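[1] A predicted structure for the sequence below; I have some questions about it.
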Amino acid sequence: MASSLTYAGVIWAFLSFLCAAASCVGFFMPCWLLGSQLEKSVSFGTFRRCSYPVRDESRQTTVMVEQCGRYASFQAIPSAEWRICTVVTGLGCGLLLLVALTALMGCCVSELISRTVGRVAGGIQFLGG
């Protein structure tokens, strides 16, 4: 199996994949902010939340829904800043994963990654990070 990468490039490819995987897992987990509300443990991330308050109109009170899930729609994300964070973090994870998978393919395919492609990929990783 021929490779277009040096030993440093192979290490870069595997570290890139591990970092991209960690970024994607962090993006999908609802544990960005932890706290308590109405004496219940709550957590939420950019587009997921666990244990959130809901207004019960029949009893005119606020009750805690003790389950995890996504927001019903993009507009249901609490603020414009969180919506921007969701989009930017999702795009960053996508870019990191694209570069990491391309680098891993470079470990198996000869002449896939040249010096110029490696520099561009590094720049894309910088933007994605």
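    Structure received. Residues are numbered from 1 along each chain as shown.
[2] same question for the helix with the most length in the chain, mean pLDDT?
    Assignment by DSSP state H gives helix 80-106 as the longest helix of the chain. Taken as a whole, helix 80-106 has an average pLDDT of 85.
[3] C-terminal to that helix, what's the next element?
    Toward the C-terminus, helix 80-106 is succeeded by helix 115-128 as the next helix or strand (DSSP states H and E).
[4] Quick one: list the elements packing against that next one.
    Packing partners of helix 115-128 (3 or more CB pairs under 8 Å, 6 or more residues apart in numbering; DSSP states H and E): helix 80-106. No exception for glycine: its C-beta is placed from N, CA and C like everyone else's.
[5] Quick one: distance of the helix it packs on to the chain centre.
    Centroid displacement of helix 80-106 relative to its chain, using CA atoms, centre = their mean, to the nearest Å, is 7 Å.
[6] Flag every buried residue along that helix.
    For helix 80-106, burial by neighbour count (16 or more other CB atoms under 10 Å) applies to 82-83, 85-86, 89, 92-93, 95-97, 99-100, 102-104, 106.
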